[in-house]
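**Q** With the input below, show me the fold.
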Amino acid sequence: MKKKLMLFVLLIVGIHSETRADYQFEYISNIIQLLSFHIGSDTSFQDSNSNTSLILGGSIGVNYMPPPIFGEINELTNRWGRPIYGWRLKYLYTFDKPRTQSFGLVNYLHLSHGISAAALILGTGVLWETQEQARIGGYAETGITLWKIIPVNVDILYRINIYRFRNTSNDISHHLNVVFTFF
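**A** From the prediction side, this is the model:
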């Protein structure tokens, strides 16, 4: 399973379109998705039965950073174009046992301009439980997003939650998140 996932990620990274589309697509995507609503599922690999739960949340930010007005143009920019990335602040509420809230920063690294099929995601932030022990911790996530240019898209993420930063088996949990973004 790990080999297949790694091959899939390498395939997505390896696909890089040399065509450069108009920046109008990116601008429209930013305006439409400035504020976004998220709904999805979280599958926890903490125990053998792999519990699945609902995720609700929202985010604010831009999917595509606008080009600089007075930016430097160097040889790499002329050859490869400007880097294509975006930043979002994201809040998620997970209806897991225990219920968890998270707030963090997500970075999108797009593989090509215009209508691209996928982008890489790196994210990190803080999380806290809202029931029982009310533990606090941090998380890191990585994965891919599909069709970020359109108003309905999906993030497929591997996420690790670390509570109290002691690295014991009860304080670390692994998750697979599939989160749909609407506007």
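**Q** what residues does stretch 91-107 touch?
**A** For stretch 91-107, the external contacting residues (Cβ atoms under 8 Å, 6 or more residues apart in numbering) are 38, 42, 44, 51, 53-59, 61, 85-90, 121-133, 139, 141, 161, 179. C-betas here are computed from N, CA, C, even on glycine.
**Q** CA atoms only for the helix or strand hosting Tyr91 - export them in PDB, please.
**A** Using DSSP states H and E, Tyr91 sits in strand 85-94. Written as PDB, here are the backbone C-alpha positions of strand 85-94 (Å, rounded to 0.1, in the frame of the first residue of the first chain):
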ATOM      1  CA  TYR A  85       1.600  28.600  -4.600                       C
ATOM      2  CA  GLY A  86      -1.200  29.600  -2.200                       C
ATOM      3  CA  TRP A  87      -1.800  30.000   1.500                       C
ATOM      4  CA  ARG A  88      -4.900  29.400   3.600                       C
ATOM      5  CA  LEU A  89      -5.800  29.500   7.300                       C
ATOM      6  CA  LYS A  90      -8.000  26.500   8.100                       C
ATOM      7  CA  TYR A  91     -10.300  25.500  10.900                       C
ATOM      8  CA  LEU A  92     -11.700  22.000  11.200                       C
ATOM      9  CA  TYR A  93     -14.000  20.300  13.700                       C
ATOM     10  CA  THR A  94     -13.700  16.500  13.700                       C
END
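**Q** in its sheet, what does that strand sit against?
**A** Its sheet considered, strand 85-94 pairs with strand 52-62 (antiparallel), strand 100-110 (antiparallel) by DSSP bridges.
**Q** Report the rounded mean pLDDT for the last one.
**A** Meaning strand 100-110. Taken as a whole, strand 100-110 carries a mean pLDDT of 93.
**Q** buried stuff in that strand?
**A** Neighbour counts using 16 or more other Cβ atoms under 10 Å place 100, 102, 104, 106, 108, 110 of strand 100-110 among the buried residues.
**Q** what's the following helix or strand after that strand?
**A** Heading C-terminal from strand 100-110 (DSSP H and E), you reach strand 118-129.
**Q** and for that following strand, what are the contacting residues?
**A** Here strand 118-129 makes contact (Cβ under 8 Å, 6+ apart) with 12-13, 15, 86, 90, 98-111, 134-146, 148, 155, 157, 161.
**Q** What is the least confident helix or strand in this structure?
**A** Across the helices and strands of the chain, mean confidence by mean pLDDT, DSSP states H and E is lowest for helix 75-80: a mean of 50.
**Q** Helix, strand, or coil at Ser29?
**A** helix (DSSP: H, G, I helix; E, B strand; the rest coil).
**Q** how close does Ala117 sit to Gly57?
**A** Between Ala117 and Gly57 the distance is 24 Å, computed by Cβ to Cβ, to the nearest Å.
**Q** swap in Val126?
**A** 14 Å.
**Q** of the two, who's got more company?
**A** For Val126 versus Gly57, neighbours defined as other Cβ atoms under 10 Å are more numerous around Gly57 (19 against 12).
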